[in-house]
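J.: okay, here's the prediction I keep looking at, along with the sequence it came from:
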Amino acid sequence: MTLVALVGITKTYGGHLVWGPLEWALEERQRVGLVGANGCGKSTLLRIIAGLDSVDQGDVVRRKGLRSAYLPQEVRGDERSIMATVLDARPEVAALESHLAQLETSLSDPAVTSDMERLTTVLDEQAAVLRRWEGAGGPLVHTQALRFLDQLGFDRETSEARTDTLSGGQRKLVALAGCLLCEPDLLLLDEPDTHLDLDHKQLLEDLIRSFRGGVIVVSHDRYLLDETITMIIELEDRRLKVWEGNYSAYAVAKELALLRQQQQYVAQQKEIERLEAAIARFTLWLTISLDKRHKTQALNKQRMIDRMDKVERPVLERKKMALRLQPHTRGGQKALELRDAGIAFDGEIVLLGLKYTFWRGQRVGIVGTNGAGKSVLGNLLVGNYPPTWGEVWQGPSVTLGYYAQGHETLDFNHTLVESIRSVKPMYESEAIGILGTFLFGYRMAEQRVGELSGGERSRLQLARLMIGGANCLVLDEPTNHLDIASAEVLEKALSGFDGTVIVISHDRYFLDRVVDEVLEVKDGGFTSYAGGYSAYMEAKQAPVVLPAAPQLTKGQGKQQSAKAPVRQGR
């Protein structure tokens, strides 16, 4: 059964066509991933399906009685508690409970209790409201809210914390609990994985897979799209195109489809050239002989061209940011070294007793739960935080490049040109040229950094890193806000980078493609795992087998054990 159907819908902003006309229908229990470049209108389409925005033309047809829940891209906190925020997702239940509270107050009024007629009226009204409250699931709402919060990692004690004290990822989880409490038929998720750590991403995947209704997810997390999605809807060139399967299947199918389209286009163009040459030939003969048969032949050939279903010229390579990371100096073999390093804030120990050496050419991924100290470790490595104990040693020829998760390396009052020229002195025209290679139009050159979107600030930070020419990069969540095409460009640039890469990330697909070692930050220290994300997960899930004590012969040295996770710190 169809949940939602898009019938010729279009959307414009300021006279500019965002997309349309679009035709598509979502069926029950479908798991759909909505993909496309930043700024193509994915979030707008999701809001329209949710009924929170309007279309300029066409209709959005919803199944009668359809209940949908929408998780926005950015969730803000306020003075409400976690529990109150979740319960507010069911306003009809809250309204009935408020009405019941008013009736209870009336029943304690002596003027009501002394008047039998008024008392009977209030009691009848209370009974009616109580029936409506029970019919709306009122007795179970609080229990369900607690259950959803517990599933998402919030216990009863933390459920009373204010939402404005939570991290971005935690606020997203609270909003997701509210969505689930609505018991929707359709779940609309706009980048639900942003700011979530690996454990909560796994939990999100489990929730999507087990959800009994339809799901539409806007996400740049290719791993999530592979694990949960059965259909990809691509928004490109203002149109929707449907691809069966998960993201990996879509990527392969799209590449093959583009190659086939290119072959068909070339073949058709050759046929058109042949027909046009024949038309020119018959036209020439007509001028010489005035034979009407030549005119008829020319008209027939022209009709053949006009009746063709024209194959559009495929765009095999769309414009992407031109990121090339090349260090200006080679740097020594030993880039950075943690020498029994530790750090504390206000007497609270965050990291302690860290010992590790980062070598030239090494690709290290840093993972861990939110709040474990990953970003603190990154700031410790680049010198933004001085160590409370020990030392962070930096090689004499090593230059550091830092990508900040919250774009703290950018001055939001600078224009884009000023931001580029602050890294390296250059002419304004050269700075504008660099901005152009990172997909910033000429008119944006004088725009303030504070006016940019998250994806645009990410590209600006990467442009500054490229200009800086550092030989040791410390990147804190570099794929946040980047679309998939830009993330793939970053992966390619890092694979060809002749230096050290230290990346803090929750992007599992990115970690598998970039890093050759994973450091898991936990309990003030970290554990080292060889390989990318998949190897790290295999090592984590593998059963622990205690080897038998080796039998040593006389004069034989102590045997080395097989390579295993190595714990550093406290």
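T.: Arrived safely. Residues are numbered from 1 along each chain as shown.
J.: contacts only, for the residue positioned nearest the centre of the chain.
T.: By CA atoms, centre = their mean, the chain has its centre lying nearest to H220, at 3.9 Å. H220 makes contact with E191, T479, L482, D483, I484, A487, according to CB atoms under 8 Å, 6 or more residues apart in numbering. Every C-beta, even on glycine, is put in place using the N, C-alpha and C of the backbone.
J.: buried members of the residues you listed into ChimeraX, please.
T.: Remark: buried members of these, expressed as a ChimeraX selection using 16 or more other CB atoms under 10 Å:
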select :191,479,482,483,484,487
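J.: and which of the contacts of H220 is nearest D197?
T.: Within the contacts of H220, proximity to D197 (CB to CB) peaks at T479, which comes in at 14.3 Å.
J.: and the gap between the closest one and E191?
T.: 12 Å (CB to CB, to the nearest Å).
J.: how is the chain carved up into domains?
T.: Split into domains by automatic domain parsing, the chain comes to 101-135, 266-306, 334-541.
J.: can I get those in JSON lines including mean pLDDT and distance to T85?
T.: Shown next, in JSON lines, are the domains of the chain (pLDDT from 0 to 100; distance: least, CB to CB, whole Å):
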{"stretch": "domain 101-135", "mean pLDDT": "77", "distance to T85": "20"}
{"stretch": "domain 266-306", "mean pLDDT": "90", "distance to T85": "57"}
{"stretch": "domain 334-541", "mean pLDDT": "91", "distance to T85": "18"}
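J.: deepest in the core, which of those domains is it.
T.: The highest mean neighbour count among the domains of the chain, using mean count of other CB atoms under 10 Å, belongs to domain 334-541: a mean of 19.
J.: can you give me the end-to-end span of that domain?
T.: 32 Å (CA to CA, to the nearest Å).
J.: chain center to that domain: distance?
T.: 17 Å (CA atoms, centre = their mean, to the nearest Å).
J.: which SSE is immediately downstream of the helix or strand that contains H200?
T.: Applying DSSP states H and E as the criterion places H200 in helix 198-210. Sequence-wise, the next helix or strand downstream of helix 198-210 (DSSP H and E) is strand 214-218.
J.: secondary structure element holding L22?
T.: Using DSSP H and E, L22 sits in strand 16-27.
J.: just checking, next helix/strand downstream of that strand?
T.: Following strand 16-27 in sequence, per DSSP H and E, is strand 31-35.
J.: contacts for stretch 234-248 next, please.
T.: 6, 17-20, 22-24, 33-37, 40-42, 45, 222, 225-233, 249-250, 253-254.
J.: are any of these buried, and which?
T.: 6, 18-20, 22, 24, 33-37, 40-42, 45, 222, 225-229, 231-233, 249-250.
J.: who does the helix holding H200 touch, helix- and strand-wise?
T.: helix 168-181, helix 222-228 (3 or more CB pairs under 8 Å, 6 or more residues apart in numbering; DSSP states H and E).
J.: now those as TSV including distance to Q333 and mean pLDDT?
T.: Below are the helices and strands packed on helix 198-210 laid out as TSV (distance: least, CB to CB, whole Å; pLDDT from 0 to 100):
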stretch	distance to Q333	mean pLDDT
helix 168-181	37	87
helix 222-228	33	92
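J.: these two touch, right, D476 and Q461?
T.: No: counting by CB atoms under 8 Å, D476 sits too far from Q461 to count as a contact (10.2 Å).
J.: list residues touching both of those two?
T.: Residues touching both D476 and Q461 by CB under 8 Å, 6+ apart: Y403, A404.
J.: how about the domains of the chain in TSV, adding distance to D56?
T.: What follows is the domains of the chain, written out as TSV (distance: least, CB to CB, whole Å):
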stretch	distance to D56
domain 101-135	39
domain 266-306	32
domain 334-541	23
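J.: and L152, which of those domains is closest to it?
T.: Of all these, domain 334-541 sits nearest to L152, with 12.5 Å by CB to CB.
J.: now what about the helix holding H200, what contacts it?
T.: 31, 151-153, 169, 173, 176, 180, 187, 189, 192-193, 196, 215, 217, 221, 223-224, 227-228, 367, 369-370, 506, 508.
J.: picking that back up, any figure for the gap between the residue nearest to the centre of the chain and G455?
T.: With distances defined as CB to CB, the gap from H220 to G455 amounts to 9 Å.
J.: hmm, back to that, now the contacts of helix 198-210: which count as buried?
T.: Using 16+ other CB under 10 Å, the buried ones in the contacts of helix 198-210 are 31, 152, 169, 173, 176, 180, 187, 189, 192-193, 196, 215, 217, 221, 223-224, 227-228, 367, 369-370, 506, 508.
J.: for the closest residue to G368 other than its chain neighbours, what are its contacts?
T.: Using CB to CB, 6 or more residues apart in numbering and skipping the chain neighbours, the partner closest in space to G368 is V521 (3.6 Å). Applying CB under 8 Å, 6+ apart to V521 gives the contacts L351, I366, V367, G368, A372, G373, K374, L377.
J.: let me see the contact set for T10.
T.: Residues in contact with T10 (CB under 8 Å, 6+ apart) are L17, W19, G20, P21, L22, V55, D56, Q57, G58.
J.: could you redo the last one with a cut-off of 7 Å?
T.: L17, G20, P21, V55, D56, Q57, G58 (CB atoms under 7 Å, 6 or more residues apart in numbering).
J.: looking at those residues, spot the one nearest S159.
T.: Closest approach between these and S159, by CB to CB: V55, at 38.5 Å.
J.: that closest one and I48 touch, don't they?
T.: Yes: counting by CB atoms under 7 Å, V55 touches I48, with 5.9 Å between them.
J.: re the thing from before, which of the domains of the chain sits closest to R162?
T.: Nearest to R162, of all those, is domain 334-541, at 16.8 Å by CB to CB.
J.: what helix or strand is the nearest residue to P184 once chain neighbours are set aside on?
T.: Closest residue to P184 apart from its sequence neighbours, by CB to CB, 6+ apart: A69 at 3.9 Å. Per DSSP H and E: A69 is located in strand 68-71.
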